[in-house]
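Chemist: structural data only, the sequence is not supplied:
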């Protein structure tokens, strides 16, 4: 019990560093036709000075043919980041051997980011 309390105190008394996910792919699976997926991710710091909240939103829609279209919004934050961007992308699955028990597959994807503000 004592060790658990020490770990708990160390966890909550130390600072943590993190980084932004730029290619936000939640799963290697490709959505089926007309399936939708939405994911919201937030990073925040509650200590003064330099409090912040930063959000990333990801949406994917299956369009059939083992393909999905993706939209990701980056850097929506407070205070304003002056660098809000949107990424448009696609992900496609190619089966290498339909008859295999292991179902070997190659998945290709690409995303193109566009700045919505800033330079």
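Modeler: Perfect, thanks for sending it. Since the structure is predicted, the reported quantities are computational estimates derived from the model, not experimental observations.
Chemist: could you point out the helix or strand that follows the helix or strand bottoming out on mean pLDDT in the chain?
Modeler: Ranked by mean pLDDT, DSSP states H and E, the weakest helix or strand in the chain is helix 2-13, scoring a mean of 70. Sequence order places strand 36-45 as the next helix or strand after helix 2-13, per DSSP states H and E.
Chemist: report the buried residues of that next one.
Modeler: Residues of strand 36-45 classed as buried by neighbour count (16 or more other CB atoms under 10 Å): none. Just so you know, the C-beta spots here come from the backbone N, C-alpha and C atoms, and that holds for glycine as well.
Chemist: let me see the mean pLDDT of the helix or strand that that strand is followed by.
Modeler: Remark: after strand 36-45, the chain's next helix or strand is strand 52-64, criterion DSSP H and E. Per-residue pLDDT over strand 52-64 has a mean of 89.
Chemist: direction included, what does the helix or strand following strand 52-64 pair up with?
Modeler: Following strand 52-64 in sequence order, the next helix or strand is strand 67-78 (DSSP H and E). Under the criterion DSSP bridges, strand 67-78 sits next to strand 52-64 (antiparallel), strand 85-95 (antiparallel) in its sheet.
Chemist: for the protein, what are the low-confidence residue spans?
Modeler: Scanning the chain for pLDDT under 70 picks out the ranges 8-27, 118-119.
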